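# could you look at this predicted model? Sequence included:
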Amino acid sequence: MTNSKHEDIYNIIGQNIRKYRKLRGYTQHSLSEALLLSESFIGKLESKTHQTLSIDTLKLIADFLDVDIKRFFDEN
């Protein structure tokens, strides 16, 4: 995977985390507190800043937001 595509998938995931977080009525702060993650980590996930995360953490976020983890990979 080229570096550009590598960064693109993280941006897609981050945009989708933001979308579902907002749909559920959570702020970055409230999500970070509920999941015991730092607010800056959530912020970096949702921004253009390249932030990696584990599948376990992605699953934790998906479960909390009641979203099928596959939705985080949707490009639309």
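Happy to help now that I have it.

# only C-alpha atoms for contact and neighbour calcs from this point on.
Will do.

# show residues contacting stretch 38-56.
Under the criterion CA atoms under 8 Å, 6 or more residues apart in numbering, residues 7, 10-11, 13-15, 17-18, 28-29, 31-33 lie in contact with stretch 38-56.

# that one: which residues count as buried?
Judged by neighbour count (16 or more other CA atoms under 10 Å), stretch 38-56 contains these buried residues: 39, 42-43, 45-47, 50-51.

# what's the farthest-apart pair in those?
Every pair in those was compared (CA to CA); the two farthest apart turn out to be 39 and 50, at 15.5 Å.

# nearest to residue 73 among the contacts of stretch 38-56?
Ranking those by separation from residue 73, with CA to CA as the measure, puts residue 13 on top at 5.7 Å.

# how about that closest one, secondary structure?
Three-state call for residue 13 (DSSP: H, G, I helix; E, B strand; the rest coil): helix.

# tell me who's in contact with it.
Listed by CA under 8 Å, 6+ apart, the contact partners of residue 13 are 45-46, 72-74.

# could I get those residues as a markdown table with distance to residue 57?
Compiled in a markdown table, those are given as follows (distance: CA to CA, whole Å):
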| residue | distance to residue 57 |
| --- | --- |
| 45 | 11 |
| 46 | 14 |
| 72 | 12 |
| 73 | 15 |
| 74 | 18 |
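
# so which of those residues comes closest to residue 66?
In terms of CA to CA, no member of the contacts of residue 13 lies closer to residue 66 than residue 72, at 11.7 Å.

# so the closest one touches residue 9, yeah?
No. Residue 72 sits out of contact with residue 9 when judged by CA atoms under 8 Å, with a separation of 9.5 Å.

# if you count surrounding residues, which of the two has more?
Counting neighbours by other CA atoms under 10 Å for residue 72 and for residue 9 shows that residue 72 has the greater number, 22 against 16.

# how close does that one get to residue 37?
Relative to residue 37, residue 72 is positioned 18 Å away (CA to CA, to the nearest Å).

# then residue 54?
13 Å.

# mind telling me what element residue 32 is part of?
Residue 32 is part of helix 28-35, with elements assigned from DSSP states H and E.
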